[in-house]
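Student: Pasting the sequence and the predicted coordinates here, then a few questions.
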Amino acid sequence: MILGLLISLLAIYLKLRIGIEKRSLVENLLVATPFSIYLGWGTVATVANAAQVLYNAGWNGGPLAPAVWTVIMLVVASVLGVLMIFTRKEVAYPLVLVWAFIGIYVKHSGTPLLSLTALILAILLTVLTLYRLIVTAFQKT
């Protein structure tokens, strides 16, 4: 179900050409930003649901520990966030990932590999998003 939602959101995002076409402030606030946020949450939910399905199926991670697979998925999500920042001039999408990573950091504070990875990636995405905002602001002046 969630994969279908993610595909639908991605199709809408691409059809609306978010991050490619110039929009008014109102259009950005009422159209582009909500779809960017929803696509970000769809991405997070898809990763979380895939992990839950694998867990329920009894998969234990094969040769890698479950924590290592979680780190791999965090890195993959971060790469998507970085791509969105630099290819679509996104702010909302990576900030959704930051929010999710902070939640992982808090929930898994007893597992240093997960919590520190989530924190480092959240900081990285925040810095890159701020960089994108600053660059965009200077390009408009």
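Tutor: Happy to help now that I have it.

Student: so what's the most centrally placed residue in the chain up against?
Tutor: Nearest to the geometric centre of the chain sits Leu97, at 3.6 Å (C-alpha atoms, centre = their mean). Contacts for Leu97 (C-beta atoms under 8 Å, 6 or more residues apart in numbering) come out as 40, 43-44, 77-78, 80-81, 121-122, 125. Where you see a C-beta, it was placed from the backbone N, CA and C, and this is true even at glycine.

Student: Glu27: which of those is nearest?
Tutor: Among the contacts of Leu97, Gly40 lies closest to Glu27 (C-beta to C-beta), at 18.7 Å.

Student: which SSE is the closest residue to the closest one other than its chain neighbours in?
Tutor: Closest residue to Gly40 apart from its sequence neighbours, by C-beta to C-beta, 6 or more residues apart in numbering: Val96 at 2.9 Å. Per DSSP states H and E, Val96 falls inside helix 92-107.

Student: And for Thr87?
Tutor: When elements are assigned from DSSP H and E, Thr87 belongs to helix 66-88.

Student: how about that helix: buried residues?
Tutor: Neighbour-count burial for helix 66-88, counted by 16 or more other C-beta atoms under 10 Å, picks out 69-71, 74, 77-78, 80-82, 84-85, 88.

Student: now do stretch 9-17
Tutor: 9, 13, 16.

Student: out of these, which are inside strands?
Tutor: Members of those lying in strands (criterion: DSSP state E): none.
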